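Asks: this is the structure alone, sequence omitted:
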């Protein structure tokens, strides 16, 4: 949402900002535009996703030809485009034509995507008639997967800090000096050699066995690796790997 100089800041826009403070808003996409087949009394909504009340909704493809109700002959109107969570799709909420039109309220449980100015006796909706009402939010934390990741394999983080947790089982070899532990490496360059921490069996009792968890924070775009160190007949086995972006 952008507010321009001398532009009316409608109540629905303020309510959208308040909803965004509660982490209800757009993650990506869901942009409203004039009909791609040629300006008419229809609009399109791009693919994208949003979060409302801790539930993520995703439109994997463009929503085309959302109809705008025919205008009044002499009075203007303000409609809004919302993401209807009960229907799981973008919809148009039609306003009331008036000398000084006001947009309708955002339906409970929905979020606004755009405001559409419908001029009196209009025959088409253009991009200039559409005001972006999206409030972008971040999903905190976002599950980044990681279940398929492997020990001793290098990965690179994306644009957000990442919390990495590895659960593993260590079994020492039959020598009292055998090792079975994991180093957590992260560094801006690949291969990463900076040690964040380590956990596991480091010498001690022969044939000792135990479960461990090791965690690290990976900065944006850094490389990282969980590297096993074993000696004698020691073994390190992954049993869980989770990642969350913040």
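Replies: Yep, that arrived. This is a predicted model, so every value here is computed, not measured.

Asks: next, residue 87: phi, psi?
Replies: The phi and psi torsions at residue 87 (degrees, to the nearest 10) take the values phi -90, psi -20.

Asks: pull out the buried residues from the worst-scoring helix or strand of the chain on mean pLDDT.
Replies: Ranked by mean pLDDT, DSSP states H and E, the helix or strand of the chain with the weakest confidence is strand 142-145, at a mean of 76. Residues of strand 142-145 classed as buried by neighbour count (16 or more other Cβ atoms under 10 Å): residue 144. Every residue, glycine included, has its C-beta placed from N, CA and C.

Asks: next: stretch 37-46.
Replies: Burial within stretch 37-46, assessed by neighbour count using 16+ other Cβ under 10 Å, is assigned to 41-46.

Asks: and what of stretch 56-66?
Replies: In stretch 56-66, residues buried by neighbour count (16+ other Cβ under 10 Å) are 57, 59, 63, 66.

Asks: now for the closest residue to the second one other than its chain neighbours, how many residues are close by?
Replies: Once its chain neighbours are removed from consideration, residue 59 has its nearest residue in residue 47; the separation is 5.2 Å (Cβ to Cβ, 6 or more residues apart in numbering). The burial count assigned to residue 47 is 14, neighbours taken as other Cβ atoms under 10 Å.

Asks: before we move on, what about residue 100?
Replies: Residue 100 - counted by other Cβ under 10 Å - has 7 other residues nearby.

Asks: just to revisit the earlier point, give me the mean pLDDT for the helix or strand just after the least confident helix or strand of the chain.
Replies: Beyond strand 142-145 in the direction of the C-terminus, DSSP states H and E gives the next helix or strand as strand 155-156. Mean pLDDT, computed over strand 155-156, is 96.

Asks: where do the helices sit along the protein?
Replies: Secondary structure of the chain (DSSP state H): helices at 11-21.

Asks: what's the least confident helix or strand of the chain in contact with?
Replies: Outside of strand 142-145, the residues that reach it under the criterion Cβ atoms under 8 Å, 6 or more residues apart in numbering are 158, 160, 162, 242-246.

Asks: and what of stretch 220-229?
Replies: The contact list for stretch 220-229 (Cβ under 8 Å, 6+ apart) reads 149, 151-162, 164, 166, 179-192, 200, 214, 216, 218, 236, 241.
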